[in-house]
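S.K.: Mind folding the following:
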Amino acid sequence: MKPIYHLLFLLAPLLMGGAQPTTSEPEVKVALLFTDYYYLLGESTAEKAQMALAEHEVSAQVTGYYHSDLEALDYETLAENQLIFIDIIDAAKVANLLPILNQLAESGIPVYAVGAEEASSIEAYQAIR
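M.R.: Numbers count the residues shown, from 1 in each chain. Below is the predicted model of the structure:
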């Protein structure tokens with residue numbers, strides 16, 4: 001599976017509508033939700049995502065929420081973001097967040113799931129999309 005920051009790198013031009021940012025443009029707020037310890041290895045994935053966006057001249061504030069933080073997340077906290085990525089390695093963690101993620105998606109905040117190739121997570125992926 002490719003790390004989330006690779007997906008952000010590919011989507012970066014779309015985040016700002018293809019426009020070149022200026023100093024007056026607000027930052028794009030991105031939330032990365034991780035259900036597995038895998039993402040805690042090495043340099044912070046949130047930092048890598050922020051660097052990938054900066055390469056496309058997208059000013060972003062990237063926040064990583066890790067598996068231990070997920071149960072405490074609420075709609076208000078996540079609604080502050082313009083884009084949300086969630087890995088679905090641990091489908092049980094995603095199931096707890098589905099009502100919030102669906103509400104965010106319905107309000108127009110893009111929610112992208114990664115790891116959909118995991119057979120145990122296909123149902124969670126389809127519910128998010």
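S.K.: how about the helices in this protein?
M.R.: 4-15, 45-55, 75-78, 91-106, 122-128 (DSSP state H).
S.K.: mean pLDDT lowest for which of these?
M.R.: The stretch with the lowest mean pLDDT among the helices of the chain is helix 122-128, at a mean of 45.
S.K.: if I read this right, Leu33 contacts Ser68, doesn't it?
M.R.: No - contact status for Leu33 versus Ser68: not in contact, 11.7 Å apart, counting by Cβ atoms under 8 Å. In this view, the C-beta of every residue, glycine as well, is placed from N, C-alpha and C.
S.K.: which of those two has more neighbours?
M.R.: With neighbours defined as other Cβ atoms under 10 Å, Leu33 and Ser68 compare such that Leu33 has more, 26 against 10.
S.K.: Now for Val30: which residues touch it?
M.R.: The contact partners of Val30, taken as Cβ atoms under 8 Å, 6 or more residues apart in numbering, are 8, 15, 49, 53, 60-63, 81-85.
S.K.: cutoff 6 Å now
M.R.: Contacts for Val30 (Cβ atoms under 6 Å, 6 or more residues apart in numbering) come out as Ala60, Val62, Asn81, Leu83.
S.K.: Mind listing the residues bridging to it?
M.R.: Val62, Leu83 (DSSP bridges).
S.K.: Distance of it relative to Ala52?
M.R.: Distance, Val30 to Ala52, by Cβ to Cβ, to the nearest Å: 11 Å.
S.K.: Could you do Ala92 as well?
M.R.: Here the criterion is Cβ to Cβ. By it, Ala92 lies 29 Å from Ala52.
S.K.: Those two - which one has more neighbours?
M.R.: For Ala92 versus Ala52, neighbours defined as other Cβ under 10 Å are more numerous around Ala52 (22 against 10).
S.K.: ok, back up a step: take the contacts of Val30 and write them to a markdown table, including pLDDT.
M.R.: Shown next, in a markdown table, are those (pLDDT from 0 to 100):
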| residue | pLDDT |
| --- | --- |
| Ala60 | 78 |
| Val62 | 81 |
| Asn81 | 90 |
| Leu83 | 84 |
